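1. I'll drop the sequence and a predicted model, then ask my questions.
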Amino acid sequence: MKLFARAAIAAAMLAAVPLAATQPAAAQGTVKFGALYPFSGTLALLGDESFRGFELAVEERNAAGGLNGQKIEFIKGDAVDPNQAVGEARRLTSVDKVSAIFGTYSSSLSLAATQVTELANIPYFELGAISDPITERGFKYVFRTNATARDFANRMVDSIIEAIAPALNTKPGDLKIGIIHEDSLYGQTVSGYQKARAKEKGLNVVEVLPYSAKSVDLTPVILRLKSAGADVVLQTSYQNDTVLFFRQMKDQGYKPKAVMGAGGGYSTRDTMQAVGAENMEGALDVDFTQYNTNPKAAPGITEFAAKYKAKYGIDPRSGHSLANYMGAKVFFDAIASAKSTDADKVRAAVLAVDIPVGQTATGWGAKFSEQGQNTRAVPFLMQWQGGNLVTVFPTDAAVAKMKTGIGAN
Amino acid sequence: MSLQDSSPASTAGKSSPAASGGPSLLARLANPRVYCALLALSLLVIIPAWSGSTFVIHVFVTICVFGALATAWNILGGYAGQLSLGHTVFYGIGGYTAALLLDSFGLSPWIGMIGGAALAALVSVGIGYPCFRLRGPFFSLATIAFLEVVRLLAIHFNGLTGGSAGLVVPLQIGWPWMIFREKINYLYIAFGLLLLSLAVSYAIRNSRLGYALTAVRERDSAAQAAGININGVKLWAIAISAALTATVGTFHAMYMTFLEPATLFSLATAIEIAMFALIGGLGTVAGPLLGTVLVVPLAELARGWLGASANGLHGFVYGTVLVVITLTLPGGLVGTFGPFVTRLIDRLPGGGRTRPETVAPAAKLVGGTVGEPVLKATNLVKRFGGLVATDNVSLTLKRGEILGVIGPNGAGKTTVFAQLSGFLAPNAGTVELLGQDGKWHQPKTPDAFARLGIGRTFQIVQPFGKLTVLENIMIGAFLRHRSVDDARAVALRVARTVGLYELKDVEAGTLPIGGLKRLEVARTLATEPTILLLDEVMAGQSQSDTLKMVELVRAIRDSGVSVIAIEHNMQAIMSLSDRIVVIDSGKVIAEGAPETVVRERRVIEAYLGEDFVHAQGL
Amino acid sequence: MDVLIQLVLNGILLGSMYAIISVGLTLIFGIVRVVNFAHGEFLMVGMYAAYLLAAKFGLHPYAAAVPIVILLFAIGAAVQRFLIQPLLGAEEHIQIFATVGLSTALVNLALLVFGADLYSIPPSAAQGSVMVGGFSLVKGQLVMFVCALALVAGLHLFMQSTALGRAIRATAQNRNAALLMGVKVDQIYVIAFGIGAGCVGLAAALVMPLYPVTPTIGTYFVLTAFVVVVLGGMRSMYGAFFGAMIIGLVDSLSGYYIAPDLKEVVYFALFLAILIFKPTGLFGLGRGTE
């Protein structure tokens, strides 16, 4: 009997597959989008944070009457690796028959999922992944609002020349630069562009050190930087390794003149709390727009933070939600003006978007290249001051002046 | 779980082993095990084609891909019992080889697929050769370490591999590029790869290699005595398994169109592949696929239904279900339901037929001149630490004679045997064998000794406990016969000779000790040796069985085989032997005809002690 | 030269962290002979417990070590009793998969309960460093070093001089013989697994001040712990301790002199070399091919 029960369970599990494929079709009067993010696994924190920005944009839009009178409905897709991203993109496009997919935070998931939607002729709106090739493959229906890894790297290297060297009263070429990065896609991509840009600008890079983000000891990295006498450290890192770097830098008594992160772990409040505000003091950060930004340069940013707090009960955990919110709004407007979810009409409408810099909640503008990349997205330079991450560059968006030095003295 | 039964016992049902010149194709299709298996497999294409949904197609592509990976893994992990948890090394090699050849030279991934398979097979031999000496969890940990090293190197040398930033496969559409707008084409390829893996797995299962792998997994010493080169067959298994895994890896990389070390060399995926095979049933043909069919949809459904409600809920449910499955189905699906389902299937029209027996090839006659030396051991010395177990032993065996080796317990008889059959290398001295070619050889490994015609039994019996008696004997027969049918026929003949025919379908592990002793002799005889080393085969036999055994050994000798027998049963050995060698404390203390040897004072001393000798006034 | 000395000091202190995490795994591996892939998740559970005790009751992790060790002992014993023991009769591989399933379930349970956020306890004295002769030593790591030594010595004493310890050793050496001698082997396994998990609990309390906890923190340590166990010869506590020191030194020195992203390659290569050429562990204390 037990055997039969087991067999029955097994059979039921098998039978359930086609069931999943025949879920009820879309309700009338709604337009369906997919929201593809990593909700579990190691990327879950910022994946979820990114999704919240999208969710707020949808709620705001629905409260204002939806897209041309149709309510927006979204279906979540959770992917932690490229095969799952392909699967979820397939599920969203074929089972749930969504009109477009928004995502993704993670570049490798985006690269895999966009191949699916491109072949299915469904628009894919990337709101947060930074890998440049996403919009360099000649795809027709992939659009991205956010800045890319190259923008990040260039901003970081340029900040050394434009902000740090003048503040230290030295020539940029006299500063010794150390580049360190975790060795997954994010770190390798950004640091690659950093090296290229630094070379192009004639800067003196003394160390390039990759390390695993799962490393539990960064003292060898720190001692190498210390031995090389690096004045400025550019780090591309997630949370754990950022925390580790700051704690161990202090333990080893290493005090560079400036430390600059490429978003990631540098932008979250958790990191600052784990490191301690006084130790994080003065750390520079190039990232998507964060919340201590001049609202004049980023209209709507204060309202977004308030809405976020009202819905989730905490302050935004990073700027990813804001970037996703801004991107979703831009694309909702474009779809509304296309008056259709047909991919070619949406493409025409997206390419027609023309928002000057300083008119969105992130402070970015929006103007898309033929490749679908927003050419008016720039990461800002921020700095941890008194336990807050404040924007210090560009000047319009700045709320504070940049300081030199790192850690409390 | 027996070799013969487990493949047909699979739920999907598999035909009986193919017989060369056996039933025609049509006749085989009428066997319900065959048509049920084909019907069940075809559902993997029919369901998604009928549904038309590209998500359902994706789920089935994933099933086919992981089914093929698990089936390939099972060749090493199931058949050979080497639990690799780093198999994605080969999967990644397949993916990267094809993608890099496409990227750098514009070669079609179909060519890359072949290149990747070849490279993976090569690498697998490099991993297997040093690691096969490790047992159980240590082999698993070593494969994990290899995987981690390869993944980290792929990240580090980003100039070659693209590093973590990954490689994007260009969207060139069409069959040459393995990229399609019509998703069903992916399914055709994935299904084809699955069929390929199943076919290879099935063919190995029912081949000499398959039997050899099982023998190695169960007991490597007995396998060596049967002439199996244990490292050789394991290397074949890992190479075939790796090549198949790489082939699937190529396809899957093209399917995902994006390659990064974290995905292609993923430890989590490697563990998952092994898990599918385990859930379905290790060492069976259909098990790995069945495990995949059960778990992949489960994971997809969990993500679809639970993923939206709370982050982590679906992963929690998935992990819990895995634990529950391992607890409730420790034999895997096939082990648990297999026999039951096979019985059901056999009731269908055309079922339940038995295979006709083929005629055994004539036993080869041993040539050569009776009385010429065939084995020469010269000045053998074997030390274990301070103990000299074999102290300068020399002996010669002549063709067609029965040489009895006697001596008190612990005298070192079995140690000498181990050196005569290659299981122990002497510290000094040589063992020479007269080969079929008329030349003298000095083989080094047990399997080389076996191939030169040495057959040995073990004092402590070494049956392949989970195989049937017949399969045990077949493993010996494979030494001289490549085809399964010939081996089976020879094994049946040997089973009749030693009186095990009635027990041929019994699991060997359940035999009483007397039966096991005869099984030792049978397996050894099946190797058709020219020199037979018998280590206490009379022990545990009844009086009448002992007599039969004596008759049997004589009959074997009369066929031209030379015999060395260690025996404690004095009556038997004295009547049987042409010549006796007495060993005590590692030394030969007497040698000669039975009747003269027993009268030697030193022999009686050795057996009964000096006091006895004095008391008798000898 | 100064850098070299600093690297060696760091390596030894780092090694003491690996040691304290690996001792429990050595016990489980050496006695119950189960490859526990959920070992890292035990650490994670312990760290969340330490975080909660610190956040809700203001208990410093060092003070919280006692309840955490008890909790982990209970979890470990329960895992052995209800997960591993029913599988003892099955093929040995199956236990590996049961622990893999457990690991997946625990990681996701943590994600479900705590989210992916990173939790750390308020900065405490343990994070600071002291300067000794111009070299910096992290206080929290010094505590680990002392605790690791004490733990290894304590366990050694326990194994040598108590009846239970002797029963555990007998079981580890020969299960069947121990059974014949009247040792309740099943109970011994439950206790041994519990003690192994309890050691991880202690490790969690000591690690918490230095590393923030996330659901996946266990994966940072688990492979290293396996390397340490094999290096130390599988079943020797002292072996594990010295194995951990060596991995700590390799980690520190290769990270500096070779490349930080290749340090894992170096110690995995060392691990493979040991397995293949000296399967009894670096100090000949184990039996790798058995």
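-> Structure received.
2. For the helix or strand encompassing residue B:447, C-alpha coordinates in PDB please.
-> Here residue B:447 sits within helix B:446-451, counting by DSSP states H and E. Backbone C-alpha positions of helix B:446-451 (Å, rounded to 0.1, in the frame of the first residue of the first chain) are rendered in PDB as follows:
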ATOM      1  CA  PRO B 446      47.200  -9.400 -10.700                       C
ATOM      2  CA  ASP B 447      45.300  -8.900 -13.800                       C
ATOM      3  CA  ALA B 448      48.400  -9.500 -15.900                       C
ATOM      4  CA  PHE B 449      48.900 -12.700 -14.100                       C
ATOM      5  CA  ALA B 450      45.300 -13.700 -14.800                       C
ATOM      6  CA  ARG B 451      45.700 -12.900 -18.500                       C
END
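3. what's in contact with the following helix or strand past it?
-> In the C-terminal direction, the helix or strand that comes right after helix B:446-451 (DSSP H and E) is strand B:454-456. For strand B:454-456, contacts defined as CB atoms under 8 Å, 6 or more residues apart in numbering or on different chains pick out B:225, B:417, B:420-422, B:433, B:476, B:524-525, B:527-535. C-beta here means a position set from N, CA and C on the backbone, and glycine is covered the same way.
4. before we move on, what about stretch A:246-260?
-> Contacts of stretch A:246-260 (CB under 8 Å, 6+ apart): A:156, A:159-160, A:164, A:168, A:175, A:178, A:217-219, A:222-223, A:225-226, A:230-235, A:275, A:279-280, A:282-286, A:404-407, C:6, C:127-129, C:136, C:138, C:210.
5. Can you list which of those residues are found in helices?
-> When DSSP state H is applied, the contacts of stretch A:246-260 are split such that A:156, A:159, A:168, A:219, A:222, A:223, A:225, A:226, A:275, A:279, A:280, C:6 fall in helices.
6. just the residues you listed now: which is nearest chain B?
-> residue A:156 (17.3 Å; CB to the nearest CB).
7. correct me, but the closest one touches residue A:285?
-> No - between residue A:156 and residue A:285 there is no contact under CB atoms under 8 Å: 9.5 Å.
8. Now intersect the contacts of strand B:454-456 with the helices, please.
-> Members of the contacts of strand B:454-456 lying in helices (criterion: DSSP H): B:225, B:417, B:420, B:476, B:524, B:525.
9. Return the residues in contact with the fifth one.
-> Just to be clear, that refers to residue B:524. B:225, B:226, B:455, B:456, B:457, B:476, B:532.
10. The last one reaches residue B:556, doesn't it?
-> Yes - the pair residue B:532 and residue B:556 passes the contact test of CB under 8 Å, sitting 6.4 Å apart.
11. shared neighbours, the two?
-> Shared contacts of residue B:532 and residue B:556, counting by CB under 8 Å, 6+ apart, come down to B:525, B:563.
12. between those two, who's got more neighbours?
-> Legend: neighbour count by other CB atoms under 10 Å in any protein chain shown for residue B:532 and residue B:556, higher for residue B:532 (24 against 20).
13. Show the contacting residues for the more buried one.
-> Here residue B:532 is in contact with B:455, B:456, B:524, B:525, B:556, B:561, B:562, B:563, B:564 (CB under 8 Å, 6+ apart).
14. How much space separates the second one from chain A?
-> Just to be clear, that refers to residue B:456. Separation of residue B:456 from chain A (CB to the nearest CB, to the nearest Å): 44 Å.
15. okay, now that residue: neighbour count?
-> 28.
16. again, but for the fourth one
-> Burial of residue B:525 is recorded as 26 neighbouring residues (other CB under 10 Å).
17. now it: how far from residue C:269?
-> Distance, residue B:525 to residue C:269, using CB to CB, to the nearest Å: 48 Å.
18. Ok, the third one next?
-> Distance check for residue B:524 against residue C:269: by CB to CB, it reads 43 Å.
19. where's the residue nearest the centre of chain B, which helix or strand?
-> In chain B, the C-alpha closest to the average C-alpha coordinate belongs to residue B:213, at a distance of 1.1 Å (CA atoms, centre = their mean). Counting by DSSP H and E, the element that carries residue B:213 is helix B:208-218.
20. Quick one: mean pLDDT for that helix?
-> Per-region confidence: helix B:208-218 scores 90 on mean pLDDT.
21. same deal with stretch B:567-575?
-> 82.
22. swap in stretch B:501-511?
-> pLDDT averaged over stretch B:501-511 gives 86.
23. Count the neighbours of residue B:396 for me.
-> Neighbour number of residue B:396 under other CB under 10 Å is 16.
24. So which bits of the host helix or strand of it are buried?
-> Secondary structure from DSSP H and E places residue B:396 in strand B:387-398. Using 16 or more other CB atoms under 10 Å in any protein chain shown as the test for burial, strand B:387-398 gives B:388, B:389, B:390, B:391, B:393, B:395, B:396, B:397, B:398.
25. In chain A, where is pLDDT below threshold?
-> Chain A contains residues with pLDDT under 70 at A:1-28, A:408-409.
26. ok, 80 please
-> A:1-28, A:40-45, A:405-409 (pLDDT under 80).
27. Looking at it, which residue is nearest chain C?
-> Nearest residue of chain A to chain C, counting by CB to the nearest CB: residue A:220, 2.9 Å away.
28. pretty sure that residue contacts residue C:261?
-> No - using CB under 8 Å, residue A:220 is not in contact with residue C:261; the gap is 10.6 Å.
29. Any chance of JSON lines for the ones in helices among the contacts of strand B:454-456, columns pLDDT?
-> Shown next, in JSON lines, are the ones in helices among the contacts of strand B:454-456 (pLDDT from 0 to 100):
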{"residue": "B:225", "pLDDT": "87"}
{"residue": "B:417", "pLDDT": "87"}
{"residue": "B:420", "pLDDT": "90"}
{"residue": "B:476", "pLDDT": "89"}
{"residue": "B:524", "pLDDT": "90"}
{"residue": "B:525", "pLDDT": "89"}
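30. burial of residue 71, as a residue count?
-> Picked chain A for this. 15.
31. My question was about chain C, not that one.
-> The burial count for residue C:71: 19, using other CB under 10 Å.
32. The closest residue to it other than its chain neighbours and residue B:161, how far apart?
-> Residue nearest to residue C:71 in three dimensions, not counting chain neighbours: residue C:49, with 5.8 Å by CB to CB, 6 or more residues apart in numbering or on different chains. Distance, residue C:49 to residue B:161, by CB to CB: 41 Å.
33. Flag every residue of the stretch 251-400 of chain A that's near chain C.
-> A:251, A:252, A:253, A:268, A:270, A:271, A:273, A:274, A:276, A:317 (CB under 8 Å from any CB of the partner chain).
34. Can you report the mean pLDDT over the residues of stretch B:134-144?
-> Summarised as a single mean, pLDDT over stretch B:134-144 is 84.
35. cool, stretch B:350-367 as well?
-> 66.
36. cool, stretch C:221-237 as well?
-> 82.
37. Stretch B:44-54 now?
-> 84.
38. Kindly report the same for stretch B:250-264.
-> Across stretch B:250-264, pLDDT averages out at 90.
39. Let me see the ranges of the helices in the stretch 1-150 of chain A.
-> Using DSSP state H, counting those that start in this stretch, the helices of the stretch 1-150 of chain A run over A:2-21, A:44-63, A:82-90, A:107-119, A:149-159.
40. hey, where'd the strands end up in the chain?
-> All of this is about chain A. Remark: strands assigned in chain A by DSSP state E are A:30-37, A:71-78, A:100-103, A:124-126, A:142-144, A:176-182, A:204-211, A:232-236, A:258-261, A:284-287, A:380-385, A:388-393.
41. That was the other one, I meant chain C.
-> Under DSSP E, chain C gives strands at C:129-132, C:135-138.
42. Would you list the strands that the last one pairs with, along with their directions?
-> Okay, so that is strand C:135-138. Next to strand C:135-138 in the sheet, as set by DSSP bridges, lie strand C:129-132 (antiparallel).
43. could you dump the partner strand to CSV, C-alpha only?
-> The C-alpha coordinates for strand C:129-132 follow below in CSV (Å, rounded to 0.1, in the frame of the first residue of the first chain):
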residue,chain,number,x,y,z
SER,C,129,43.8,45.1,17.2
VAL,C,130,46.8,45.3,19.5
MET,C,131,50.3,46.3,18.4
VAL,C,132,53.0,43.9,19.5
